[in-house]
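A.B. asks: structure, please.
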Amino acid sequence: MEKEKYDFSGALKGFAEHYEDGNSPVWDIGRPKQPFIEIANQVVEPILDAGCGTGDTSIFFASRGLKVIGIDFVENAILRAKSKVKGHNLPVEFLVKDAVTLDEWDIKFNTVIDSGLLHAIYDREKYSNGLKHILNSAGRLYVFYFKDDPSSPGGGISDNELKGIFADGWKIESIKSVSEDNDEWKMNFAVILRKS
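C.D. replies: Modelled structure (predicted):
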């Protein structure tokens, strides 16, 4: 069966609506998700925050003196992120960019953080290939995502699916179940090593 062509413009419009008229999406909680706070001392710069939204996780790491680039394909989210850091002289830059186009980038990172993007990505294979392209050997991807569950948006991602997405050139070091902010959300947090 042929895979349906993904409607990128529809997805962009859908996500953009969450940031219109001063609205804040449910995932924008004004701080990083707890798993990122817990691994903060393990993170090595430079850092890419893929799907950064309004920048709370990027700002958290930048406030620790680490160089961060946050990207999101929703312009309004990036404008809000930039307004949060205006006048604060933090080592963070925010760019409007689709995370599925990372394979077109020449910038390299030692860490990628993904706080709720993976399960919403329309081309996970292209995304993982792009991550492999921009992440230095022995760099790590820290990913927070909906686990495989009927209540998860889109059904979530199973452990086997995650292993399939990050099969070639990766080593999944850990996957842990996370209880976060809303008991209805069933989340996992994975640490994935970029092999040489």
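
A.B. asks: neighbouring strands of the longest strand seen in the chain in the sheet, and parallel or not?
C.D. replies: Longest strand in the chain, counting residues (DSSP state E): strand 135-146. According to DSSP bridges, strand 135-146 forms sheet pairs with strand 109-115 (parallel), strand 186-194 (antiparallel).

A.B. asks: and the next helix or strand past that strand?
C.D. replies: Next along the chain after strand 135-146, taking DSSP states H and E as the criterion, comes helix 159-165.

A.B. asks: and that next one, how far out from the chain middle?
C.D. replies: 17 Å (Cα atoms, centre = their mean, to the nearest Å).

A.B. asks: output the contacting helices and strands for that helix.
C.D. replies: helix 124-134, strand 170-179 (3 or more Cβ pairs under 8 Å, 6 or more residues apart in numbering; DSSP states H and E). Every residue, glycine included, has its C-beta placed from N, CA and C.

A.B. asks: before we move on, the earlier item: most tightly packed of the strands paired with strand 135-146?
C.D. replies: strand 109-115 (a mean of 24; mean count of other Cβ atoms under 10 Å).

A.B. asks: pLDDT score for the most centrally placed residue in the chain?
C.D. replies: The centre of the chain sits closest to residue 114, judged by Cα atoms, centre = their mean, with a distance of 2.2 Å. pLDDT, residue 114: 97.

A.B. asks: what do you get for the one 4 residues further on?
C.D. replies: The score at residue 118 is 93. That number is its pLDDT.

A.B. asks: report the contact partners of it.
C.D. replies: Contacts of residue 118 were listed using Cβ atoms under 8 Å, 6 or more residues apart in numbering, and they are 124, 127, 143, 145, 157, 165.

A.B. asks: again, but for residue 146
C.D. replies: Per Cβ under 8 Å, 6+ apart, neighbours of residue 146: 116, 119, 152, 153, 154, 156, 157, 185, 186, 187, 188.

A.B. asks: ok, of those residues, which one's closest to residue 110?
C.D. replies: residue 116 (21.4 Å; Cβ to Cβ).

A.B. asks: pretty sure the closest one contacts residue 51?
C.D. replies: Yes: the pair residue 116 / residue 51 is scored as a contact, 6.8 Å apart, by Cβ atoms under 8 Å.
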